[in-house]
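Student: What would the 3D arrangement of this be:
(chains A, B, C, D and E)
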Amino acid sequence: MILYKTNDNWFGDVAHLTSSYTMERIIKSVLFLGLYAAAIMTIIVLFELQEQLQMDTAVFSLLGVILSLFLGFRTSTAYDRWWEARKQWGALVNNTRNMAIYVDSMWPASDTGIRRFMAKHIANFCLSLSEHLRDGTKLDKLIYLAPEEEAYYTTKDHIPNFIALRIFQRMAAAHREGTINEGDYINIKAQHQSLLDILGACERIKKTPIPFSYAVYLKVFVSAYCLLLPFGLVEPFGWAAVPITMLISFALLGIELMGEEIEDPFGLDCNDLPTGDMAHTIKRNVFELLEDRTPAEEHSKELYEKVF
Amino acid sequence: MILYKTNDNWFGDVAHLTSSYTMERIIKSVLFLGLYAAAIMTIIVLFELQEQLQMDTAVFSLLGVILSLFLGFRTSTAYDRWWEARKQWGALVNNTRNMAIYVDSMWPASDTGIRRFMAKHIANFCLSLSEHLRDGTKLDKLIYLAPEEEAYYTTKDHIPNFIALRIFQRMAAAHREGTINEGDYINIKAQHQSLLDILGACERIKKTPIPFSYAVYLKVFVSAYCLLLPFGLVEPFGWAAVPITMLISFALLGIELMGEEIEDPFGLDCNDLPTGDMAHTIKRNVFELLEDRTPAEEHSKELYEKVF
Amino acid sequence: MILYKTNDNWFGDVAHLTSSYTMERIIKSVLFLGLYAAAIMTIIVLFELQEQLQMDTAVFSLLGVILSLFLGFRTSTAYDRWWEARKQWGALVNNTRNMAIYVDSMWPASDTGIRRFMAKHIANFCLSLSEHLRDGTKLDKLIYLAPEEEAYYTTKDHIPNFIALRIFQRMAAAHREGTINEGDYINIKAQHQSLLDILGACERIKKTPIPFSYAVYLKVFVSAYCLLLPFGLVEPFGWAAVPITMLISFALLGIELMGEEIEDPFGLDCNDLPTGDMAHTIKRNVFELLEDRTPAEEHSKELYEKVF
Amino acid sequence: MILYKTNDNWFGDVAHLTSSYTMERIIKSVLFLGLYAAAIMTIIVLFELQEQLQMDTAVFSLLGVILSLFLGFRTSTAYDRWWEARKQWGALVNNTRNMAIYVDSMWPASDTGIRRFMAKHIANFCLSLSEHLRDGTKLDKLIYLAPEEEAYYTTKDHIPNFIALRIFQRMAAAHREGTINEGDYINIKAQHQSLLDILGACERIKKTPIPFSYAVYLKVFVSAYCLLLPFGLVEPFGWAAVPITMLISFALLGIELMGEEIEDPFGLDCNDLPTGDMAHTIKRNVFELLEDRTPAEEHSKELYEKVF
Amino acid sequence: MILYKTNDNWFGDVAHLTSSYTMERIIKSVLFLGLYAAAIMTIIVLFELQEQLQMDTAVFSLLGVILSLFLGFRTSTAYDRWWEARKQWGALVNNTRNMAIYVDSMWPASDTGIRRFMAKHIANFCLSLSEHLRDGTKLDKLIYLAPEEEAYYTTKDHIPNFIALRIFQRMAAAHREGTINEGDYINIKAQHQSLLDILGACERIKKTPIPFSYAVYLKVFVSAYCLLLPFGLVEPFGWAAVPITMLISFALLGIELMGEEIEDPFGLDCNDLPTGDMAHTIKRNVFELLEDRTPAEEHSKELYEKVF
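Tutor: Residues are numbered from 1 along each chain as shown, chains lettered A, B, ... in the order given. Predicted coordinates for the structure are as follows:
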């Protein structure tokens, strides 16, 4: 995620143009369509086919409006996923912080074991969730893993789930032993449950893109539209049809490609959420609250600045 | 549900085109309209009726915009149902998992009977819900049904409802006997209630399509529009009217047909939710949590990959 | 409510066209406008006024787009009411079912009096709510009313409210006597409160149509637009203006009239919710849960099929 | 608020046209613009300036579409406030009713003092809230105010807030004395808190119109558009430009002015919510529930019918 | 934030035009584009290039519609942040007021220490949150800070977070000592947790503008569109192209710039929320409730009037 300040510098932002993977893809496609349009033009001019072409801009106008209405639908659904993902991670920050505060007030101040256990597992939950939503959890990203734990973890498919289960088991054990009372147990169960709810919501966002038919339909429609454009623009515009084709396909292709990218907000592209950094911020927060220190190991900055 | 990665391969996705039932339907309709337009053209040319036709593209343009605005409404309401259904099943995954965790911590570790009972009934609830939302529950899809149970189940109309009732009766009995305490009882009642709420919401989505008038109105409007198109396009475009008719009806018919399909997300079409696989995943989850094993019987893959 | 399966049979649905009151109204208006346009045409042709008319389709195009944008707003607000009403009744089904389950587990199995009381009152609440949202509750639609009760009920203005109060008084009395304990009392109070919340929400939907200015504005706008259309279409289209006027007014009038109809979803029109049948389904559910039987009196099918 | 039945009588509603303040304002503006357009036309015809004017309807068409898209945004945000306000008052009705029911079951039947206190204060809260959202609370609208209370109330800025505080103090005192138990105290605190939440939400709606820039931008845009229209319409339409200017400005100005009006739904205009009558209905409800009678003083009907 | 009354005085509001930073920016950009268009015109006329230009308004019309559809998306997402921020601060007002009421009823009336502590810390939380969402908390804006506290605070990065932690620690300590009971502790924990949730939500809104690609895309699109406009308008309009360019860029640039500004609602621009004044109002509220007085130090009015 590129950090930028809106409302500040119009052309400054535009200069970042090529640092976005999607922007590059859009520009490449637009350039390709420019070449394509020029080729079509050359053929038409060489063979003097202008007369035969009976296309009209009115039809392209109508189709363009229909297409853009539909791209608006695509954009808003993709954006909703992105924004919901951001809300879920925001809730994760709030919840883990509250959980640490409650753990600190629930167990006697002398019990450093539980504080270390909770700080480590909450941090590892978030770190593994961030990885899990990319290409799967890599165990060497987790912290304070004892070798036997690491061996045990490798037998598990779904690391964040397993960590959440361990946290709950520990709390339930403390409750059975009478270390924590009924009220505290009910209270922190709400926080714990939200861990699983956030995990489930993020998986839902990641695993359920827009329905397949819509995705195919839009690609077919946009492709057909852009490839037919030069034929429709030849007669009224002559060679000006080349830049106009590029401009219109920038408008339409751009919306489609950005929608595609933003739909899965957990990757490492410049529009994706900085979940890795968020997880490290949570790690620092819970260790500061529970052990009053910053954990030794610093992570190598991923690609982005700290975000909250 | 076809699994695909957006943002990856533009033409790869398009190649799946014909694997979608709805896409096929759209293509067939578009081909039909192409033939129809060609027939109209032939008649007009044969009888030299061009002069008599006083249609104008401007009117089609206006009608096209009105129609597509309205199709946008249709699309977003259909999509909302699809996405709400996905959220409900996501909640079902989270809830059943939590329920299993709570059951495991509420009853003494020695009580394997309750664990088997709960694992079996939660799994059967989800399996039967998936079937129920298609053509009705088939009892041979349920697991561990003793013959006398099967006989009893066949007397019941609404299997998921009945299974939910049995789960609750067992919990209420345990509460009356004093096996589980007040706090746990209140706590798990929330999870249990969510089973019925999810069931109710899925039934609502399935049983309440878009109001009838809207459905008829859209079909009449789209049909009339597509059938009149060739008349309006003859004069300005000549024979080019045939492909243009096909392009425009692809745009409009496509949106309508996809909306229709996506509105009921519980079937087996390629855009439908993989509720069968979700139910089997839940089955595996609860058995792993409550009996630490995967249940013997594996289901035959329906049509899709595992999804979460 | 007409039950139909979308995604099934394109022309099958269209055949139902005339069974919808609103569709009939639309068709009548469109026919009227066709006659009107023909009359205008005749006058113009007779008196050879074509030259004097300086209208242009561009203006109608712009006004048509503005109007349809606004009709989109009207449609989505009307639809939101319809869908919210459907959700409220869905919640009513879930809640009454849960309430019956709790009642069954809260009172000793031997207390058949309370079971009959609750089954009767929950059923009557739903039956009277359905009537109340139409033309007011008719007491002969309620079940098991003793003559003295009926006499007492006739003194009350707001029957559903009064029934809800009676249910609560009975629960509060049981709580005061110690028949039911604190936890159960708190628990079922939530279910009871939802009865009143659903009632309030339905009344809100029924009693608050779209703001008056919007309703008038749209009617004035649509009327003016449709009545002026023939003048604008004479010059470019000649006699073809008549069917085109009909097509465009079908598009615009249709949206307005459907919005009007769907806004109040509690009536008996074919788009309205089958609240009567829902109430009877709830009645059957609660009697089956609390008395293990179906109540004797069957209601005469209203106009629709059973829906859930 | 004018009560009307949609879906009933097309022209009946239109006849109410002039009873709406906003409708009058729209009609006046449209008439003014008609005169203005006629003046422009006269000048152009007198000085034969037609040739010099090189405007084109295409530009007005584009600007009209942009403007109406933006007016759609304005309309939906304004409507959302209106509808949220309606929901808040609906919730107030439900909450006060529930609160009265709980008060009745919490205190012994013999304690008429608390019943009178609660009925009076809940009623006064709603009456003062309705006034507070207009021009500030007038104390003579409140009921059963003893002279010393009235003197005390006049020292307070924010009457609804103060009344809510008094209700809570009375409940907290009863709790401290042991008159009401823990469960009831927690329970009714939820109802009490909702009083303040509803109050806060209504104040938010009232005090926060659409951001200032948007309001100014729209006014500048609509004004410029309507004033330039006649210049653009002269050439193609001649004198027909006058009614066309009026029609288009009716379309655009109307949406803007209705948005402005509906944004603050607490006034006395015909689109505003009948909060005064709602407050009186609540008063009647709580007195009927707590004292089984209707309070003596009847309010003079404001401007509207009873609404729920 | 400029306070204004909508629905009151059309031209009065427009007169405020230049008092808005964003409005100024829009006007400057529009003037710049007017000069630019005039320059282009001069070149075209001087070198008689009209013949070579084969642009057409139809393409600009299509692009304009696509662009404005997309700007609509931008506007509604920006507005949603602004409105969500307003809701969060509204919730903060309600919550702090409730918190003060509960503190007042939880501790014995004689304990003035806790009242002072809570009033001071709640007020400081809101004051520091307002600053934190601008350029970071300045400690001299906080009230009643003892010098040793100020020294301690300077060692902390995140002042609002730290203040929230102190509030909770004090409550947890009182709970451990038995000063406040279980019920009150659970109850007020909900209010406390909402402080952190509001803080988190505001940070989310501030730190997460619209995805970078969308921001760049829109700027590129709008810039290209406005810079190409004069070329397209030369032929049909001649010198009238200059004001038309200005009008169209006012329409499009305006929406983009207002969206940018409104997206971060915590600053000091005239559309931003008056969070500073809200914090001071909260301060006055809690002191009045807990110490029955207004705190001595009055803040210098920021830029706006009191808002609620």
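
Student: If you tally nearby residues, what's the number for residue A:223?
Tutor: Per other Cβ atoms under 10 Å in any protein chain shown, the neighbour tally for residue A:223 reads 15. All C-beta spots, glycine's among them, are computed from the backbone N, C-alpha and C.

Student: Counting by contacts, list what the helix or strand harbouring it packs against.
Tutor: In this assignment (DSSP states H and E), residue A:223 forms part of helix A:212-237. Identification of packing neighbours for helix A:212-237 by 3 or more Cβ pairs under 8 Å, 6 or more residues apart in numbering or on different chains; DSSP states H and E yields helix A:21-46, helix A:57-106, helix A:241-263, helix B:10-15, helix B:21-47, helix B:241-263, helix E:57-106.

Student: mean pLDDT lowest for which of these?
Tutor: The weakest mean pLDDT among the helices and strands packed on helix A:212-237 belongs to helix B:10-15, with a mean of 61.

Student: Count the residues that sit near the residue of the stretch 101-250 of chain A found nearest chain C.
Tutor: For the stretch 101-250 of chain A and chain C, the shortest gap (Cβ to the nearest Cβ) falls at residue A:213, measuring 11.9 Å. Counted with other Cβ under 10 Å, the neighbours of residue A:213 add up to 25.

Student: Quick check: it vs chain E, distance?
Tutor: Distance of residue A:213 to chain E, given as Cβ to the nearest Cβ, to the nearest Å: 22 Å.

Student: ok, now residue A:80?
Tutor: To chain E, residue A:80 is 10 Å away according to Cβ to the nearest Cβ.

Student: Repeat that for residue A:43.
Tutor: 19 Å.

Student: and what of residue A:272?
Tutor: For residue A:272 relative to chain E (Cβ to the nearest Cβ), the value is 9 Å.

Student: ok, so what distance separates the most centrally placed residue in chain A from chain E?
Tutor: Closest residue to the average C-alpha location of chain A: residue A:265 at 0.8 Å, with Cα atoms, centre = their mean. Residue A:265 sits 9 Å away from chain E, taking Cβ to the nearest Cβ as the criterion.

Student: Tell me which residues of stretch A:179-199 come out buried.
Tutor: For stretch A:179-199, the neighbour count (16 or more other Cβ atoms under 10 Å in any protein chain shown) marks A:179-180, A:183-185, A:187-189, A:191-199 as buried.

Student: Sorry, slip of the keys, the one I care about is stretch A:267-281.
Tutor: Applying 16+ other Cβ under 10 Å to stretch A:267-281 flags A:267, A:269-281 as buried.

Student: These into CSV, with extra columns for pLDDT?
Tutor: Output for these, formatted as CSV (pLDDT from 0 to 100):
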residue, pLDDT
A:267, 83
A:269, 76
A:270, 76
A:271, 81
A:272, 86
A:273, 89
A:274, 88
A:275, 90
A:276, 90
A:277, 88
A:278, 91
A:279, 92
A:280, 91
A:281, 88
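
Student: and which of these is nearest chain E?
Tutor: For the buried residues of stretch A:267-281, the nearest to chain E is residue A:271 (4.2 Å; Cβ to the nearest Cβ).

Student: separation between the nearest residue to that closest one once chain neighbours are set aside and chain D?
Tutor: Of all residues not flanking residue A:271 in the chain, residue E:211 sits nearest, at 4.2 Å (Cβ to Cβ, 6 or more residues apart in numbering or on different chains). Note on residue E:211: its distance to chain D, by Cβ to the nearest Cβ, is 20 Å.

Student: check contacts around residue E:211.
Tutor: Contacts here follow Cβ atoms under 8 Å, 6 or more residues apart in numbering or on different chains; on that basis residue E:211 touches A:79, A:82, A:258, A:262, A:271.
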